[in-house]
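Novice: sharing a sequence plus its predicted fold:
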Amino acid sequence: MSMYADYLREKSNDQIIENEHGFASYRYLNDGKSVYIIDIYILSSARKHGSASAMADLIVGEAKKIGCSELLGTVVPSSKNSTDSLRVLLGYGMSLYSSSQDLILFRKDI
């Protein structure tokens, strides 16, 4: 585990997984009923090869072990590369749950 992962856990109780292709951070919400993917970052050389989905699968697997029943993810439309982020969430089978001025929330039953 990296120093950054240790920092996240100490500071916020967020979880992080890392591998040679990138990382993903996530947290449990709603008394452990939901898992929220905060960020997934994949090196540009490893994109479009299923690396983001594989990271999400790992998170979902861990979440199911503690009884989570839904996966949440967000996109900030004004962020750089937000269209790519939308494609990733939709491609992973997530559906629009709600939106506000500059935040789109997606969810998926797990």
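Specialist: Everything's here; your move. Numbers count the residues shown, from 1 in each chain.

Novice: any idea which helix is longest in the protein?
Specialist: The longest helix of the chain (DSSP state H) is helix 51-65.

Novice: C-terminal to that helix, what's the next element?
Specialist: The C-terminal neighbour of helix 51-65 among helices and strands, as given by DSSP states H and E, is strand 70-75.

Novice: by contact count, what packs against that following strand?
Specialist: Applying 3 or more CB pairs under 8 Å, 6 or more residues apart in numbering; DSSP states H and E, we find strand 70-75 packed against strand 34-42, helix 51-65, helix 82-91, strand 103-109. (Glycine included, C-beta is placed from N, CA and C.)

Novice: now do the contacts for the residue nearest the centre of the chain.
Specialist: Nearest to the geometric centre of the chain sits I37, at 2.5 Å (CA atoms, centre = their mean). By CB atoms under 8 Å, 6 or more residues apart in numbering, the contact list for I37 reads A24, S25, Y26, A56, I59, L71, L72, G73.

Novice: thinking again about what came up before, got the CA coordinates for the longest helix of the chain in CSV?
Specialist: This file holds the C-alpha atoms of helix 51-65, laid out as CSV (Å, rounded to 0.1, in the frame of the first residue of the first chain):
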residue,chain,number,x,y,z
SER,A,51,-8.9,-1.8,-16.2
ALA,A,52,-11.5,0.6,-14.7
SER,A,53,-14.1,-2.2,-14.8
ALA,A,54,-11.7,-4.6,-13.1
MET,A,55,-11.1,-2.0,-10.3
ALA,A,56,-14.9,-1.5,-9.9
ASP,A,57,-15.4,-5.3,-9.8
LEU,A,58,-12.9,-5.5,-6.9
ILE,A,59,-14.7,-2.7,-5.0
VAL,A,60,-18.1,-4.4,-5.6
GLY,A,61,-16.7,-7.7,-4.4
GLU,A,62,-15.5,-6.1,-1.1
ALA,A,63,-18.7,-4.2,-0.7
LYS,A,64,-20.9,-7.3,-1.1
LYS,A,65,-18.9,-9.1,1.6
